[in-house]
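In: could you look at this predicted model? Sequence included:
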Amino acid sequence: MMSIGRTTPRIISAGLALGLGLLSGTPGALAGDPVTPFTIVDGYTVPDSLTETPGDPERGRKWVINRKLGNCLSCHEMPIPEEQFHGQTGPALYGVADVYDEGELRLRLVDPKALNPYSMMPSFHKVDGLHRVLSGFEGKPILSAQQVEDVIAYLMTLRDTSKRR
């Protein structure tokens, strides 16, 4: 298992989904809405929420599991025992909320390449400046702004690193 820490912020950017090629179904999946502008502060955080509605951790867990949307389990091991086949390309996300705050996680979801230009993790809420985007997904975010906030709310519940399988 990889550990996550402030000295290796790019590691968490290495995952959530191996690539858009693993996604299937409707282009843009459930997102389809326009990209909400965001501002990166000090090169490592997007402190402001993308929505006025707080994220819902229960919905966020659904987006994380959904293999046609977030597909986080393709790269990350997470405390979701009812789902099989957790990935190991990215770091395990047990205890991720003990390491990163909401703004740091938000940047890792919306624009992971801002932290690590070589990251395999796709930008879940960015459409400009991307390369090798699967046709049908061009110009469309993978997750809506609300879905990003829901995923962050779920990730912020992951505080105990001792529960790894």
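Out: Noted; the coordinates are in hand.
In: can you show me the helices along the protein?
Out: Counting by DSSP state H, the chain has helices at residues 9-13, 57-65, 102-110, 145-155.
In: ranking the ones you listed by burial, who's on top?
Out: The densest packing among the helices of the chain, expressed as mean neighbour count by mean count of other C-beta atoms under 10 Å, is seen in helix 145-155 with a mean of 26. All C-beta spots, glycine's among them, are computed from the backbone N, C-alpha and C.
In: which residues sit against that helix?
Out: 30-31, 33, 35-36, 49-51, 53-61, 63-64, 69-70, 72, 93, 96-97, 102, 105-106, 109-110, 124-125, 143 (C-beta atoms under 8 Å, 6 or more residues apart in numbering).
In: average pLDDT across it?
Out: Over the span of helix 145-155, the pLDDT mean works out to 97.
In: angle of it against helix 102-110?
Out: Taking axes from the mean of the first three to the mean of the last three C-alpha atoms, to 10 degrees, helix 145-155 and helix 102-110 form an angle of 120 degrees between their directions.
In: mind starting the numbering at 327 from now?
Out: In the new numbering, first residue 327, that becomes helix 471-481.
In: which residue is nearest the middle of this protein?
Out: Central residue of the chain (C-alpha atoms, centre = their mean): residue 435, 3.8 Å from the mean position.
In: skipping its backbone neighbours, what lies nearest that residue in space?
Out: residue 450 (4.9 Å; C-beta to C-beta, 6 or more residues apart in numbering).
In: so where is the protein shaky, pLDDT-wise?
Out: For the chain, the stretches with pLDDT under 70 are 327-359, 487-491.
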